[in-house]
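J.: this one's sequence-less:
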C-alpha cells in the first residue's frame, strides 16, 4: 500500500505561482513513477506531469509544458509540482498518484491516489 497526502493548493491570481507537495509513505516498490493529474468540474481527469522516482526523468502534459516543473526529494519521500504562470484554465483539483502499470499519462495506470488539493486561479 502507498499513502499519498497532497498540500499547497490555494487561490491565486493569474500569473502567480504555487508549489504543490505530495508526501508518500508505504511500499516503495509501488511508486517507481509518481504523477500529478488534475480535474476541473465537468471534465475528465487530465495528466499534468510524471516523474521517475529513482532516475528523476520528468514528463509533462502539453498544456503545462514550460510552466510547471515536477521534482522529488527522495530523503523526504515527497514529490513537488512547481506551477508558474498560472492561468484561470489551470483551476482544478490536483491529485498526486503512484503509478501501477501502463502508460504514465493515463489515469487508469495509477494504483494509488491522494485526496486532492484545490487550485483556483482568478483572472
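T.: Received the coordinates, thanks. Computed from a predicted model, the values in this text were never measured in an experiment. Numbers count the residues shown, from 1 in each chain.

J.: Check the spacing between residue 47 and residue 81 real quick.
T.: Distance, residue 47 to residue 81, using CB to CB, to the nearest Å: 12 Å. Placement of C-beta: from N, CA and C, glycine included.

J.: now do residue 52
T.: Look at residue 52 and residue 81: by CB to CB, they are 15 Å apart.

J.: quick one, which of residue 47 and residue 81 is more surrounded?
T.: residue 81 (26 against 23; other CB atoms under 10 Å).

J.: Spatially nearest residue to that one, not counting backbone neighbours?
T.: Closest residue to residue 81 apart from its sequence neighbours, by CB to CB, 6 or more residues apart in numbering: residue 20 at 4.2 Å.

J.: pLDDT at the one you found, what is it?
T.: As predicted, residue 20 sits at a pLDDT of 98.

J.: Next up, identify which helix or strand it is on.
T.: Assigned by DSSP states H and E, residue 20 belongs to strand 18-26.

J.: In that strand, which residues are buried?
T.: Residues 18, 20-22, 24 are the ones in strand 18-26 that count as buried (16 or more other CB atoms under 10 Å).

J.: Just put these in TSV and tack on distance to residue 38.
T.: As requested, the buried residues of strand 18-26 are exported to TSV (distance: CB to CB, whole Å):
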residue	distance to residue 38
18	12
20	10
21	15
22	13
24	18
